[in-house]
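A.B. asks: Below is the sequence, then the predicted model.
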Protein chains: 2
Amino acid sequence: MAVYTNLGAEDLARLIEQFDVGTLTSAKGIAEGVSNSNWLIETTGKDGSGARFILTMYEFRIDITELPFFLGLLDHLAAKGCPVPATIHDRAGQSWRMMGDKALALIEFLPGVSVSAPTADQARAVGAALAQMHLAAADFAGTRANGMGPEEWQRLLDECGHDGLAAIDAGLAPLVTRELAALNASWPGDLPRGTIHADLFPDNVLMLGTSVTGLIDFYFACTDMLAYDVAVTHAAWCFDASGRNFDADVSGALLEGYESVRPLLAQERAAMPLLARGAALRFLMTRAWDWLNTPADALVTRKDPLAFARRLEFYADPANAALFL
Amino acid sequence: MAVYTNLGAEDLARLIEQFDVGTLTSAKGIAEGVSNSNWLIETTGKDGSGARFILTMYEFRIDITELPFFLGLLDHLAAKGCPVPATIHDRAGQSWRMMGDKALALIEFLPGVSVSAPTADQARAVGAALAQMHLAAADFAGTRANGMGPEEWQRLLDECGHDGLAAIDAGLAPLVTRELAALNASWPGDLPRGTIHADLFPDNVLMLGTSVTGLIDFYFACTDMLAYDVAVTHAAWCFDASGRNFDADVSGALLEGYESVRPLLAQERAAMPLLARGAALRFLMTRAWDWLNTPADALVTRKDPLAFARRLEFYADPANAALFL
């Protein structure tokens, strides 16, 4: 969470002139996004009554050639009534612009706040919004490989090394090695696929009360199994931050909400425990890599990999497979 | 610029309930403030038509016993029509609240952006706003010693050490030693005093075009010579960031704007070159200290002390004293 690039008011004003949104009246760098800089922008609006936007500058990780996928997806979903921010196209009709060597996009501001301790009703609404997104994306033409799938987990393990994992926790290397072997042996290949969010943590959902007002931060979105997205969302919403406490009510409501819009197929349901182990391993591995490659005194907060090791152990326990039945 | 404390949506919603401002609809951590965390807050507003605020959590440097001075000053100035954000009092009438061991204040959101390259017309407006503030504060009852005055410059020099300054630039220690001696020998003691902002850089002024819409960040405000505040503002506005290029038009307009509201006395005018040397030395010393005490790889940007060494040399040159006549 940072603003990596300082954009002066004059630069911002000139940029905003490229859009039909009135003139700039306020710009605050906001502390969101780990791989881009974001500003909350206010303008006079088309009709003078004021309007707000998020301006995103893509700093790291994002390959500019992938912007048409990410931004096209937002426009596709918004047009279908999903609660996602539409992009604002510039006067030339483009959804993003270059400023020097950085790409910038102006997107809709959506109200809502990200909850810290979701209730069952909130999880139900999120499940339904995820399923709505899956259905709405069915005819989206774009595709993008999941760069955070099983091959990447192996690559991250190789980079961390068993010694690296052992430095975090003695039990981590055996757990990861065992799970990665098990998942590679039986990772499903025949489940319904489509465009998935792949990172739908509470931070990436805006809510007002129990209503979802925004699904945001689609920069891990890709083409993969829909049920895997359910598994990621389950791992993200149904535990406290430490991963020690599972909330069965939130879990039940999340799945119920999803199935109220898109019922899971029998084979998806059967695969859920395995997919959930994969989801837990995915965040375990990226957090472990970040842990080993972020200085302890950096201003960026390191997220505890063990919070996902605990989830992984939870999902790997056969006694918990019944959750998804 | 950072958000040091993570406040969950639930905590924020409960906090906002303590004010008569409607219910929380959005909260974005904003990248402003080096010693506090700030959020741009939106609520439904008293009448349901929406309202915006800045929520500030005081993290460092600020002594809570000084909050009545800072926040009382904002309310005093706002009531007199100065473009400063008024504080929002809670339902119990308080202008700040505690949450755990942190103090929080909700203040008015003001439109406007901070300019990077001020024009003469913008500087004229800022000069006038500064003078308006000085007059409006004349009957403000609060007082606060200037903790960034000549004794502090000496203390910072002692902490940096001549070797520390030499590590930044070979010419720095002789310059600082010479100037500090000269300023201590003749620092004025008999000029009109009052409440000053003491840090009115372009970052701390919000503007729309050539109008000042907000003077913000009063956390260095104190009781000191009014003309010293003019000198600080002059040093802050009349040079490019490097301190190499002085803009005579901006300088003339800034002073003209100030004097259009509050003409300088003859003795203030005569003291201006000395006060400007003091202002340059103040920022030189705090930047030098920060430079020597901030890791080069920290995410916080270190500001170049030499940008103020150059200003100091400019103001110490007798040929430039005529600027203030």
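C.D. replies: Sure, I can see it. Numbers count the residues shown, from 1 in each chain, chains lettered A, B, ... in the order given.

A.B. asks: May I have the strands that pair with the lowest-mean-pLDDT helix or strand in chain A, each with its orientation?
C.D. replies: The helix or strand of chain A with the poorest confidence is strand A:97-99; it has a mean of 91 (mean pLDDT, DSSP states H and E). Here strand A:97-99 is paired, per DSSP bridges, with strand A:102-108 (antiparallel).

A.B. asks: so after the partner strand, what's the next helix or strand?
C.D. replies: Counting by DSSP states H and E, the next helix or strand C-terminal to strand A:102-108 is helix A:120-136.

A.B. asks: which residues of chain A score low on pLDDT?
C.D. replies: Counting by pLDDT under 70, chain A shows low-confidence ranges at A:1-4, A:33-34, A:60-61, A:295-301.

A.B. asks: List the buried residues for the lengthiest helix in it?
C.D. replies: Across chain A, the longest stretch assigned as helix under DSSP state H is helix A:266-293. Neighbour-count burial for helix A:266-293, with 16 or more other C-beta atoms under 10 Å in any protein chain shown as criterion, is recorded at A:268-289, A:291-292. Every residue, glycine included, has its C-beta placed from N, CA and C.

A.B. asks: Could you check how far the least confident helix or strand of chain A is from the centre of its chain?
C.D. replies: Per C-alpha atoms, centre = their mean, to the nearest Å, the displacement of strand A:97-99 from the mean C-alpha position of its chain is 24 Å.

A.B. asks: Stretch A:316-325 now?
C.D. replies: In terms of C-alpha atoms, centre = their mean, the gap separating the centre of stretch A:316-325 from the centre of its chain is 25 Å.

A.B. asks: List of residues touching it?
C.D. replies: Stretch A:316-325 is contacted by residues A:Glu179, A:Ala182, A:Ala248, A:Ser251, A:Leu255, A:Arg269, A:Met272, A:Pro273, A:Ala276, A:Arg277, A:Phe314 when judged by C-beta atoms under 8 Å, 6 or more residues apart in numbering or on different chains.

A.B. asks: Please identify which pair of these lies farthest apart.
C.D. replies: The two members of these with the most space between them (C-beta to C-beta) are A:Ala182 and A:Ala248, at 24.5 Å.

A.B. asks: neighbour-wise, which of the two wins?
C.D. replies: A:Ala182 (15 against 11; other C-beta atoms under 10 Å in any protein chain shown).

A.B. asks: ok but the more buried one is inside a helix, no?
C.D. replies: Yes. If the criterion is DSSP: H, G, I helix; E, B strand; the rest coil, then A:Ala182 is within a helix.

A.B. asks: Neighbours of the closest residue to chain B within the stretch 101-250 of chain A, how many?
C.D. replies: Using C-beta to the nearest C-beta, the closest approach of the stretch 101-250 of chain A to chain B is made by A:Ser116 at 3.3 Å. Around A:Ser116 sit 16 other residues, with neighbours defined as other C-beta under 10 Å.

A.B. asks: Next: A:Thr5.
C.D. replies: Applying the criterion other C-beta under 10 Å, we find 16 residues in the vicinity of A:Thr5.

A.B. asks: Can you give me the first-to-last residue distance of stretch A:129-149?
C.D. replies: According to C-alpha to C-alpha, to the nearest Å, stretch A:129-149 extends 23 Å from its N-terminal end residue to its C-terminal end residue.

A.B. asks: Show me what it is in contact with.
C.D. replies: Contact partners of stretch A:129-149, identified using C-beta under 8 Å, 6+ apart, comprise A:66, A:68-69, A:72-73, A:76-77, A:80-84, A:194-198, A:200, A:205, A:212, A:215, A:220-224, A:226, A:229-230, A:233, A:257-262, A:282, A:286.

A.B. asks: Among the residues you listed, name the buried ones.
C.D. replies: Of the contacts of stretch A:129-149, these count as buried by 16+ other C-beta under 10 Å: A:66, A:69, A:73, A:76-77, A:80, A:82-84, A:194-198, A:200, A:205, A:212, A:215, A:220-224, A:226, A:229-230, A:233, A:257-258, A:262, A:282, A:286.

A.B. asks: which residues touch the residue most central in space within chain A?
C.D. replies: Compute the mean C-alpha point of chain A, and by C-alpha atoms, centre = their mean the closest residue is A:Asp199, 2.6 Å away. Neighbour list for A:Asp199: A:Asp217, A:Tyr219, A:Phe220, A:Ala221, A:Val232, A:Ala236 [criterion: C-beta under 8 Å, 6+ apart].

A.B. asks: And the third one, how far from B:Gly278?
C.D. replies: A:Phe220 sits at a distance of 53 Å from B:Gly278 (criterion: C-beta to C-beta, to the nearest Å).

A.B. asks: Ok, the fourth one next?
C.D. replies: Distance of A:Ala221 to B:Gly278, given as C-beta to C-beta: 56 Å.

A.B. asks: Does A:Ala182 touch A:Pro273 like I think?
C.D. replies: No. Proximity of A:Ala182 to A:Pro273 does not meet the contact threshold set by C-beta atoms under 8 Å, at 11.0 Å.

A.B. asks: Mind listing what's buried along stretch A:313-325?
C.D. replies: Residues A:Glu313, A:Phe314, A:Tyr315, A:Ala316, A:Asn320, A:Leu323, A:Phe324 are the ones in stretch A:313-325 that count as buried (16+ other C-beta under 10 Å).

A.B. asks: Can you show me the helices along the stretch 1-150 of chain A?
C.D. replies: A:9-16, A:67-79, A:120-136, A:150-168 (DSSP state H, counting those that start in this stretch).

A.B. asks: These: which one's closest to A:Met57?
C.D. replies: It's helix A:9-16; of those, that one is closest to A:Met57 (C-beta to C-beta) at 10.0 Å.

A.B. asks: from the chain's centre, how far out does the closest one sit?
C.D. replies: What separates the centre of helix A:9-16 from the centre of its chain is 29 Å, taken as C-alpha atoms, centre = their mean.

A.B. asks: Quick one: list the elements packing against it.
C.D. replies: Packing partners of helix A:9-16 (3 or more C-beta pairs under 8 Å, 6 or more residues apart in numbering or on different chains; DSSP states H and E): strand A:24-30, strand A:36-43, strand A:97-99.

A.B. asks: out of these, which comes closest to A:Phe109?
C.D. replies: strand A:36-43 (7.0 Å).

A.B. asks: now the angle from that closest one to strand B:36-43?
C.D. replies: Put simply, strand A:36-43 runs at 50 degrees to strand B:36-43, going by axes from the mean of the first three to the mean of the last three C-alpha atoms, to 10 degrees.
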